[in-house]
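Asker: 3D model of this:
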Amino acid sequence: MEASLYNQKGSEVGKIAVPDTLFSVKWNPVLVRETVDALRSSRRRATAHAKDRGDVSGGGKKPWRQKGTGRARHGSTRSPIWVGGGVSHGPSNERNFAKKVNKTVRRKALAAVLSQKLKEGEVVFLDEISLKEAKTREAVSMLQAFGKGTGLPVAKKGGRTLVLIPESNQDIIRAVRNIPFVDVIEARNVNVEQALVPKYVIITKDAVAKITA
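Answerer: Here you go, the predicted model:
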């Protein structure tokens, strides 16, 4: 399929052929939700931790003899039923929240997100990013001109924007990283969550082929 291609001033300069496998995929909310949940779960770290009876200090001596006292038998004061004892079935910092999602599923979910965003006019293709200096003011001017030309409220509150570039470019990254509501990612590293959360996705012409979906 073809899509409009814009320059930095937001003027349409032609068309770009984009792969149907990436931008013409049916929306699948279940697949997207499953993949995003897996990504977030894999980043989750177990911080809550309760000591069980083996972790609590003390309790090495039997409180009283087994028979003859008329009291219930006990082997340790660190038992969960004792005050100061361990905790039964409490949270552990050894818990692993990671979920496995197949590579095919991740690719389909990313394609579904990009396809839906393109359908809703939230994916825009840019011929190239060329800054005179690696300065934030240059990147701000470029984004403002691009937004004005395309009529899209990119790079502002309510218009969080993701910019996909073909390869790591420190000048672009340095110029954009201090701008609120804008993120820059190398196209081959983008995942479903990073593509889904921003309102708009700007993809440079050379970055299209780098998206691994």
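Asker: what's around Arg107, how many residues?
Answerer: A count of neighbours around Arg107, defined by other Cβ atoms under 10 Å, yields 18. Backbone N, C-alpha and C define where each C-beta goes, glycine included.
Asker: er, Val182 actually
Answerer: Under the criterion other Cβ under 10 Å, the count of neighbours that Val182 has is 22.
Asker: Now do the buried residues in stretch 65-83.
Answerer: Going by neighbour count (16 or more other Cβ atoms under 10 Å), the buried part of stretch 65-83 is 76-79.
Asker: now swap in stretch 121-141 and tell me
Answerer: Along stretch 121-141, the positions that meet the burial threshold by neighbour count (16+ other Cβ under 10 Å) are 122-126, 129, 131, 138-140.
Asker: Can you get me the start-to-end distance on it?
Answerer: Counting by Cα to Cα, to the nearest Å, the length from the leading to the trailing residue of stretch 121-141 is 22 Å.
Asker: ok so, going back, please narrow the buried residues of stretch 65-83 to those residing in helices.
Answerer: Among those, no member falls in helices (criterion: DSSP state H).
Asker: Switch the buried residues of stretch 121-141 over to CSV; also include secondary structure, distance to Asn191 and pLDDT.
Answerer: What follows is the buried residues of stretch 121-141, written out as CSV (DSSP: H, G, I helix; E, B strand; the rest coil; distance: Cβ to Cβ, whole Å; pLDDT from 0 to 100):
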residue, secondary structure, distance to Asn191, pLDDT
Glu122, coil, 17, 97
Val123, strand, 16, 97
Val124, strand, 20, 96
Phe125, strand, 20, 97
Leu126, strand, 21, 96
Ile129, coil, 21, 94
Leu131, coil, 26, 92
Glu138, helix, 28, 94
Ala139, helix, 23, 95
Val140, helix, 27, 95
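Asker: will you turn those residues into a markdown table that also has distance to Val208?
Answerer: Output for the buried residues of stretch 121-141, formatted as a markdown table (distance: Cβ to Cβ, whole Å):
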| residue | distance to Val208 |
| --- | --- |
| Glu122 | 16 |
| Val123 | 10 |
| Val124 | 12 |
| Phe125 | 7 |
| Leu126 | 10 |
| Ile129 | 14 |
| Leu131 | 21 |
| Glu138 | 24 |
| Ala139 | 21 |
| Val140 | 25 |
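Asker: what's the farthest-apart pair in the buried residues of stretch 65-83?
Answerer: Of all pairs drawn from those, the widest gap by Cβ to Cβ lies between Thr77 and Ser79 and measures 7.0 Å.
Asker: what sits in contact with each of those two?
Answerer: The contact sets of Thr77 and Ser79 overlap at 59, 85 (Cβ atoms under 8 Å, 6 or more residues apart in numbering).
Asker: quick one on the thing from earlier: and the buried residues of stretch 65-83, which is closest to Pro63?
Answerer: Taking Cβ to Cβ as the measure, Pro63 lies nearest Thr77 of these, at 5.7 Å.
Asker: nearest spatial neighbour of that closest one, skipping sequence neighbours?
Answerer: For Thr77, the nearest residue in space outside its immediate sequence neighbours is Gly59; the separation is 4.8 Å by Cβ to Cβ, 6 or more residues apart in numbering.
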